[in-house]
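S.K.: Quick one: sequence and predicted model below, then my questions.
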Amino acid sequence: MKKAALFTLLVTALAGCSHDVQQRPATQAGQQLEVVRDPRRIVTFDYGSYDSLIALGAGERVLAVPGSLPPYLADKAGQTQNAGNMKTPDIDAIAALKPDLILITGRQGESRQALQALAPILDMGISGDDYFTGLADNTRLLGRLVGKAAEAQQALSALQDKAERARQQIAASGQRTLVLTHNAGRFAPTENALIYSLLQAPRALPAPTPQPLGAPRQRPQPLDAGAIAAAEPEVIFIIDRSAAIGATPLDVATLADSPLARTPAAQAKRIVYLDPALWYLSGGGLQSVDLQIDQVLAAYRL
């Protein structure tokens, strides 16, 4: 346990709409979609959208989410039904709910057509270089759909101010930062948009080469601990995919016997184990991003 003291752990821790129930055109990513105005029966596979709807005072409209809720939404347990797994939605259960709207991300790509046959769908995934713009577009869209446009803009302004203050603190620290995903005992550098784009943390490793438009998504490539140590990161964030999906989690104590223990980050006690469910399963919502900023900032305040 004394070896584990080397590390800081933060565990557990687009469309104008009026108030009628007709289906009318909405725009998302330049595409025209038929979306129910003022939807009252929502199924969401995006926890970030759920936490945004809760923050906007419309969380009771969500009837079902995938699996069990992340810990930061634990107080909402029992208020929603199970919509299946992230990658394998329970189509029959969702059909029985007769939803007005289904919110998805890329993880439901193989079930997109089946879900679209049940209700209009909106893809709430955030892509592109400007993370906050994607977050803001999604939040404003949700706000307009549920009649909370003013509340959405007010919440976004507060979150943007918080992100700007955090960005200034991180820049002032000058700490070279590395984000890693742990999966089955291996680590891979992760291009985390919140840390590198929104908060603009200084990098310990160069940004990956941009891929041509339409190129297949590049899977993270494992990097051995020696190469990580050679980068000399001063802050390391670890997102434990294994823990998030119910597999064997990272044994943090073992890091003390790895080359990671010789990094400046370890010596300064700035290896941060982020909340797995919040960072791997959720994000992109008003509440989740607020919590994520707090977790990141804590590493630079040590």
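M.R.: In hand now; what should we look at? Everything quoted here is computed from the prediction, not taken from an experiment.

S.K.: Under the pLDDT cut-off, which ranges of the chain? List them.
M.R.: For the chain, applying pLDDT under 70 flags the ranges 1-33, 211-220, 302.

S.K.: What segments of it are helices?
M.R.: With DSSP state H as the criterion, the chain has helices at 47-55, 91-97, 112-116, 131-145, 149-173, 193, 225-230, 241-244, 264-267, 276, 286-300.

S.K.: between the last one and helix 149-173, how many degrees?
M.R.: If I follow you right, that is helix 286-300. Put simply, helix 286-300 runs at 10 degrees to helix 149-173, going by axes from the mean of the first three to the mean of the last three CA atoms, to 10 degrees.

S.K.: What's the end-to-end length of stretch 268-285?
M.R.: 31 Å (CA to CA, to the nearest Å).

S.K.: list the buried ones in that stretch?
M.R.: Neighbour-count burial for stretch 268-285, counted by 16 or more other CB atoms under 10 Å, picks out 270-285. To be clear about C-beta, it is placed using only N, CA and C from the backbone, and glycine gets the same treatment.

S.K.: One more: stretch 283-298?
M.R.: Taking 16+ other CB under 10 Å as the criterion, stretch 283-298 shows 283-293, 295-297 as buried.

S.K.: Give me the contacts around that stretch.
M.R.: 8, 10, 13, 46-52, 54-56, 72, 124, 126, 134-135, 138-139, 155-156, 159, 162-163, 166, 169-170, 194-195, 198-199, 201, 237, 272, 274-275, 278-279, 282 (CB atoms under 8 Å, 6 or more residues apart in numbering).

S.K.: Tell me the one among the buried residues of stretch 268-285 nearest to Pro264.
M.R.: Among the buried residues of stretch 268-285, Arg270 lies closest to Pro264 (CB to CB), at 8.0 Å.

S.K.: With adjacent residues omitted, what lies nearest to that closest one?
M.R.: Nearest non-adjacent residue to Arg270, counting by CB to CB, 6 or more residues apart in numbering: Val235, 4.6 Å away.

S.K.: residue contacts, the one you found?
M.R.: Val235 makes contacts with Gln175, Arg176, Thr177, Leu178, Ala201, Ala265, Arg270, Val272, Ala299, Tyr300, as judged by CB under 8 Å, 6+ apart.

S.K.: any idea how far it is from Ala163?
M.R.: The gap separating Val235 from Ala163 is 17 Å, by CB to CB, to the nearest Å.

S.K.: What of Leu69?
M.R.: In terms of CB to CB, Leu69 sits 25 Å off from Ala163.

S.K.: Ala261: how many residues sit nearby?
M.R.: When neighbours are defined as other CB atoms under 10 Å, Ala261 has 18 of them.

S.K.: Same question for Ser197.
M.R.: Around Ser197 there are 18 residues (other CB under 10 Å).

S.K.: That one against Asp130, yeah?
M.R.: Yes - here Ser197 reaches Asp130: they are 6.9 Å apart, a contact under CB atoms under 8 Å.

S.K.: Return the closest of the buried residues of stretch 283-298 with respect to Gly78.
M.R.: Nearest member of the buried residues of stretch 283-298 to Gly78, counting by CB to CB, is Gln287, at 18.4 Å.

S.K.: picking that back up, which one of the helices of the chain is the most hemmed in?
M.R.: helix 47-55 (a mean of 26; mean count of other CB atoms under 10 Å).

S.K.: related to what we said a few turns ago, of the helices of the chain, which is nearest Asn183?
M.R.: That would be helix 241-244 among the helices of the chain, by CB to CB, at 4.5 Å.

S.K.: Ser68 is in contact with Asn85, correct?
M.R.: No - using CB under 8 Å, Asn85 is not in contact with Ser68, being 10.7 Å away.

S.K.: re the thing from before, any idea what the residue nearest to Arg270 is bridged to?
M.R.: With DSSP bridges as the criterion, Val235 is bridged to Thr177.

S.K.: Pro264 versus that one, what's the distance?
M.R.: Val235 is 9 Å from Pro264, by CB to CB.

S.K.: For those two, list the residues in contact with both.
M.R.: With CB under 8 Å, 6+ apart as the test, Val235 and Pro264 both reach Arg270.

S.K.: end to end, how far does stretch 44-62 reach?
M.R.: Using CA to CA, the two ends of stretch 44-62 sit 7 Å apart.

S.K.: got it, and stretch 97-111?
M.R.: For stretch 97-111, the separation between the terminal residues is 17 Å (CA to CA).

S.K.: How far does that stretch sit from its chain's centre?
M.R.: 17 Å (CA atoms, centre = their mean, to the nearest Å).

S.K.: Please identify the buried residues of it?
M.R.: Leu97, Pro99, Asp100, Leu101, Ile102, Leu103, Ile104, Thr105, Arg107, Gln108, Ser111.

S.K.: any idea which of these is closest to Val35?
M.R.: Of all the buried residues of stretch 97-111, Leu101 has the smallest distance to Val35: 6.6 Å, by CB to CB.
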